[in-house]
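Peer 1: I'd like to go over a predicted model; first the sequence, then the structure.
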Amino acid sequence: MQNEHRFTGRCLCGAVQLEVVGKPAAMGYCHCSSCRQWSAAPVSAFTMWAPGAVSITRGADQIGSFQKTERAIRRWCRSCGGHVLTDHPTWGVVHVHAAVLEKFPFDPRVHLNYAETVLRMRDGLPKMKDMPSDMGGSGIRLPE
């Protein structure tokens, strides 16, 4: 479809390239310790997509993976170590790291796992204690 939104992304060295099509299911920030450790940052910016909206267009053979829990299979480039995406099979979405998408209009709408934050962000967005209730969380919002 010509009018579909298409964005490309890549790892740090470009060995792994991907494409997302359409609109993400969600965009925001995660403050959980796993995402912070994985990203080596105080917060991780995410875009969530339906699995069929994400495709690896180059370097599928260069992708390594790590699964700490049943909720997340983290994937990176074996050549440069650059993080690419995280599969969330129990939620039926793929988390493409916002920073790997080129010219993507990142428009965050929520903070997840804010009870674990190490970086307070006063941006007016909802701050979830953990996850929304439809994703298995408490659905509790915290004050900014």
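Peer 2: Received, thanks.
Peer 1: Which elements pack onto the helix or strand bottoming out on mean pLDDT in the chain?
Peer 2: Considering only helices and strands, the least confidently modelled element of the chain by mean pLDDT, DSSP states H and E is helix 33-39, at a mean of 93. In terms of contacts (3 or more CB pairs under 8 Å, 6 or more residues apart in numbering; DSSP states H and E), helix 33-39 is packed against strand 44-49. C-beta here means a position set from N, CA and C on the backbone, and glycine is covered the same way.
Peer 1: Give me the distance from the strand it packs on to the chain's centre.
Peer 2: In terms of CA atoms, centre = their mean, to the nearest Å, the centre of strand 44-49 is found 3 Å from the chain centre.
Peer 1: Any idea how many residues pack against Lys103?
Peer 2: Using other CB atoms under 10 Å, Lys103 has 7 other residues around it.
Peer 1: swap that for Gly124, sorry
Peer 2: Using other CB under 10 Å as the criterion, the residues surrounding Gly124 number 7.
Peer 1: Now for it: which residues touch it?
Peer 2: By CB atoms under 8 Å, 6 or more residues apart in numbering, the residues touching Gly124 are Glu144.
Peer 1: Need the phi and psi values for it.
Peer 2: Note on Gly124: its backbone torsions stand at phi 80, psi 0 [degrees, to the nearest 10].
Peer 1: can you pull the contacts of the closest residue to Pro143 other than its chain neighbours?
Peer 2: Counting by CB to CB, 6 or more residues apart in numbering, the nearest residue to Pro143 once its immediate chain neighbours are dropped is Lys127, at 7.3 Å. Lys127 makes contacts with 111, 114, 141-144, as judged by CB under 8 Å, 6+ apart.
Peer 1: Equivalent analysis for Gly136, please.
Peer 2: Residues Thr90 are the ones in contact with Gly136 under the rule CB under 8 Å, 6+ apart.
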